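Participant: got a predicted structure here, sequence first:
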Amino acid sequence: MTPEQFREAGHDLIDWIADYRAGIGDGPVLAAVEPGQVASSFAPSPPSESVTMTSVLDELNDVIVPGITQVQHPMHYGWFPSNASLSSVLGDMASSGLGSLGISWESSPALTEVEQVVCDWMRQLCGLSERWSGTIHDTASTACFVALLSARERASDHAQVSGGLRDPDRPLTVYCTAQAHSSVRKAALLAGYGADNLRVVDVDPQTYAMKSDDLAAMIESDLAAGAKPACIVATVGTTGTTAIDPLAAVAAIARQHDCWLHVDAAMAGSAMLLPEQRHLFDGIEEADSLCWNPHKWMGTILDTSLYYVADPEHLIRVMSTNPSYLQSAADGKVVQYRDWGIPLGRRFRSLKLLFHLRLDGIESIRARLRRDLDNAQWLAAEIEANPEWDLVAPVPFQTVCTIHRPLGADGMPLNGEELDTHNRAWVERLNRTGNAYLTTTVVEGRWIVRVSIGVESTEREHVEALWALMQTTADETALSVRPE
């Protein structure tokens with residue numbers, strides 16, 4: 001494809017994207033395909049000749065779009081906000097169009113230095129101190145893995161450069177709650193700690209936040225047994241309920257035992273952009289590392305996860321690689337981001353944040369976050385006012401956790417397995433309509449319904465429509481199984 005052909009095709013694609021986004025609320029939220037349907041729409045053998053851009057766009061319309069659960073839809077309330085602001089989409093396109101090679105400062109000085117700039121801009125916008133140095137990873141899962149590798153090497157006095165972890169009588173231990181993201185367990189396994197050395201700390205039964213007293217007791221028990229506490233992963237905004245672990249108390253325990261503290265604020269970290277929300281992060285300055293994802297609630301397109309460390313020299317010692325073919329006269333004078341994470345090559349991810357901040361402006365982003373917080377509080381109040389609905393967790397951010405508790409055949413409110421079955425059933429029924437999308441999860445042994453508010457296009461009218469759908473669908477589901 002020549003630049004002129006690209007220009008023509010690119011205009012067609014931009015028009016298609018704009019039309020798609022403008023009309024996204026008119027279609028169903030849930031992907032309307034069966035397993036294998038999308039794959040079977042393609043020929044079994046690769047194409048031998050080129051086709052027109054019109055044919056490719058037809059394929060997008062007819063095959064791809066029906067196979068997507070529309071997370072940009074204003075009635076999408078599942079998982080977490082996964083916004084992709086069009087301003088950041090332009091930055092992503094610029095990154096791809098430049099085709100820059102990020103393997104060293106010398107291979108793309110602008111890639112490195114713009115990343116330094118936007119990471120520091122975001123630090124300032126979040127009210128974080130100058131002790132933090134940042135980089136951009138693809139996801140918080142990768143950031144967590146890097147944090148656990150850093151913790152492992154500090155606790156083992158850099159065992160990776162000698163014999164590795166080979167003392168079963170003094171294992172390194174990692175601490176988190178059952179509410180922590182699944183990536184914590186995965187990172188602990190991949191980093192070589194072993195499943196037996198991952199400790200699950202109890203949570204408060206009302207807030208679902210880590211119990212610091214239980215953490216302290218667990219660490220003391222491990223020390224008495226000959227283990228070495230290596231890392232605590234505290235979460236601000238857990239996946240299930242957006243619970244907030246007590247960072248200040250956890251940080252004090254971490255300092256006492258020279259234990260690495262990583263803070264996972266993947267979704268809720270966007271709230272640090274709001275000065276009035278920063279008290280929810282009290283104690284974060286005492287952590288060793290933290291991550292949060294602008295590609296969630298804030299709205300910068302995937303894959304844009306900010307990872308900050310208090311001691312970049314330790315990170316570089318753990319992660320550095322310096323093959324002869326990458327050595328240059330700039331070494332020692334510049335940041336080499338290949339030494340800040342797993343991959344050698346990296347995309348010009350910072351352009352997504354640069355375009356988002358420059359084209360939308362931070363105040364419009366803050367206004368949208370405040371809107372979502374207000375909408376969550378409105379829905380929580382509606383639920384609390386309805387005797388058939390329970391609000392099952394605090395609402396510090398934009399996620400509302402609830403269950404519908406109708407009367408059973410005996411005239412008493414449902415409980416136990418029957419209640420779980422009912423709530424899963426009405427959510428599935430609602431999702432199948434395509435009118436909205438919700439997700440469920442298990443918290444402390446029971447199934448709950450999560451309403452995650454925060455899609456860029458979701459306004460109060462959409463939340464009101466969702467609440468009406470929830471009530472109607474839940475009532476209809478209860479009636480369908482209730483004896484005459």
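Facilitator: Received, thanks.
Participant: flag the shaky bits of this protein, pLDDT-wise.
Facilitator: For the chain, the stretches with pLDDT under 70 are 480-484.
Participant: all helices of it, in order?
Facilitator: Counting by DSSP state H, the chain has helices at residues 3-22, 37-40, 53-59, 86-98, 109-125, 140-155, 182-190, 212-224, 247-256, 312-319, 350-360, 362-384, 416-433, 460-481.
Participant: need the contact partners of stretch 16-24.
Facilitator: The contact list for stretch 16-24 (Cβ atoms under 8 Å, 6 or more residues apart in numbering) reads Leu57, Leu60, Val65, Gln70, Gln72, His73, Pro74, Leu86, Val89, Ser457. Every residue, glycine included, has its C-beta placed from N, CA and C.
Participant: ok, now stretch 151-163?
Facilitator: For stretch 151-163, contacts defined as Cβ under 8 Å, 6+ apart pick out 165-166, 172, 174, 191-193, 228-231, 259-260, 262, 288, 314, 317-318.
Participant: tell me the buried residues within those.
Facilitator: Applying 16 or more other Cβ atoms under 10 Å to the contacts of stretch 151-163, the neighbour count classes 165, 172, 174, 191-193, 228-231, 259-260, 262, 288, 314, 317-318 as buried.
Participant: picking up where we left off before, just the contacts of stretch 151-163: which are in strands?
Facilitator: Among the contacts of stretch 151-163, DSSP state E puts Leu172, Val174, Lys228, Pro229, Ala230, Cys231, Trp260, His262 in strands.
Participant: and Arg432, how many neighbours?
Facilitator: Per other Cβ atoms under 10 Å, the neighbour tally for Arg432 reads 12.
Participant: spatially nearest residue to it (excluding sequence neighbours)?
Facilitator: Distances taken as Cβ to Cβ, 6 or more residues apart in numbering put Leu30 closest to Arg432, at 7.1 Å, once the chain neighbours are dropped.
Participant: hmm, the one you found is touching Thr69, no?
Facilitator: Yes: using Cβ atoms under 8 Å, Leu30 makes contact with Thr69 at a distance of 5.5 Å.
Participant: rewinding a little: of the ones in strands among the contacts of stretch 151-163, closest to Val118?
Facilitator: His262 (21.9 Å; Cβ to Cβ).
Participant: what pairs with that closest one across the strands?
Facilitator: For His262, the beta-bridge partners under DSSP bridges are Val233, Ser289.
Participant: farthest-separated two in the ones in strands among the contacts of stretch 151-163?
Facilitator: Maximum distance among the ones in strands among the contacts of stretch 151-163 (Cβ to Cβ): 16.6 Å, for Lys228 and His262.
Participant: sorry, back to before: farthest pair in the contacts of stretch 16-24?
Facilitator: The most distant members of the contacts of stretch 16-24, if one measures by Cβ to Cβ, are Leu57 and Pro74, lying 24.0 Å apart.
Participant: returning to what we had before: of the contacts of stretch 16-24 - the most surrounded one?
Facilitator: For the contacts of stretch 16-24, counting by other Cβ under 10 Å, the largest number of neighbours falls to His73: 23 neighbours.
Participant: how about that residue, nearest residue that isn't a chain neighbour?
Facilitator: Once flanking residues are discounted, His73 sits nearest to Val29: 4.7 Å by Cβ to Cβ, 6+ apart.
Participant: also Val38?
Facilitator: In this structure, Val38 finds its nearest non-sequential neighbour in Gly67, 4.2 Å apart by Cβ to Cβ, 6+ apart.
Participant: residue contacts, the one you found?
Facilitator: With Cβ under 8 Å, 6+ apart, Gly67 has these contacts: Ala31, Val33, Gln37, Val38.
Participant: quick check: the gap between it and Leu414.
Facilitator: In this view, Gly67 and Leu414 are 36 Å apart by Cβ to Cβ, to the nearest Å.
Participant: can you list the domains in the protein?
Facilitator: The chain breaks down into these domains under automatic domain parsing: 3-68, 93-360, 364-481.
Participant: out of those, nearest to Ser82?
Facilitator: domain 93-360 (6.3 Å).
Participant: measure that closest one end to end?
Facilitator: Domain 93-360 has an end-to-end distance of 16 Å (criterion: Cα to Cα, to the nearest Å).
Participant: ok, stretch 193-210 next?
Facilitator: Note: stretch 193-210 ends 21 Å apart using Cα to Cα.
Participant: how far does it sit from the chain's center?
Facilitator: 20 Å (Cα atoms, centre = their mean, to the nearest Å).
Participant: and the contacts of that stretch?
Facilitator: Stretch 193-210 has contacts (Cβ under 8 Å, 6+ apart) with 148, 152, 165, 171-179, 184-185, 188-189, 211, 214-215, 218, 222, 227, 230, 234-235, 238, 240-241, 243-246, 250, 393-394, 443-444.
Participant: surely the residue nearest to His73 meets Gly434?
Facilitator: Yes: with contact defined as Cβ under 8 Å, Val29 reaches Gly434; the gap is 5.8 Å.
Participant: contact partners for Ala376?
Facilitator: Ala376 makes contact with Val395, Phe397, Gln398, Thr399, Val400, Val451, Ile453, according to Cβ under 8 Å, 6+ apart.
Participant: now, which of the residues you listed lie within strands?
Facilitator: Going by DSSP E, the strands hold Thr399, Val400, Val451 from the contacts of Ala376.
Participant: mind putting the residues you listed in TSV, distance to Ala110 included?
Facilitator: Formatted as TSV, those follow (distance: Cβ to Cβ, whole Å):
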residue	distance to Ala110
Thr399	38
Val400	43
Val451	42
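Participant: between these, which is nearest Ser104?
Facilitator: After measuring those against Ser104 - Cβ to Cβ - the closest member comes out as Thr399, at 40.7 Å.
Participant: quick one: contacts for the closest one?
Facilitator: Phe80, Thr241, Thr242, Ala376, Arg450, Val451, Ser452, Ile453.
Participant: if you set the cut-off to 7 Å instead, what comes out?
Facilitator: Shown in contact with Thr399 (Cβ atoms under 7 Å, 6 or more residues apart in numbering): Thr242, Ala376, Arg450, Val451, Ser452.
Participant: show me the contacts for the closest residue to Asp120 other than its chain neighbours.
Facilitator: Nearest-residue entry for Asp120: Gly134, 7.0 Å, with adjacent residues in sequence omitted and distances by Cβ to Cβ, 6+ apart. Applying Cβ under 7 Å, 6+ apart to Gly134 gives the contacts Cys119, Met122, Arg123, Leu306, Tyr307, Tyr308.
Participant: tell me the spacing between the first one and Ala84.
Facilitator: What it means is Cys119. Relative to Ala84, and taking Cβ to Cβ, Cys119 is found at 20 Å.
Participant: what do you get for the fourth one?
Facilitator: The gap separating Leu306 from Ala84 is 17 Å, by Cβ to Cβ.
Participant: one step back: for the residue nearest to His73, grab the count of nearby residues.
Facilitator: Per other Cβ under 10 Å, the neighbour tally for Val29 reads 26.
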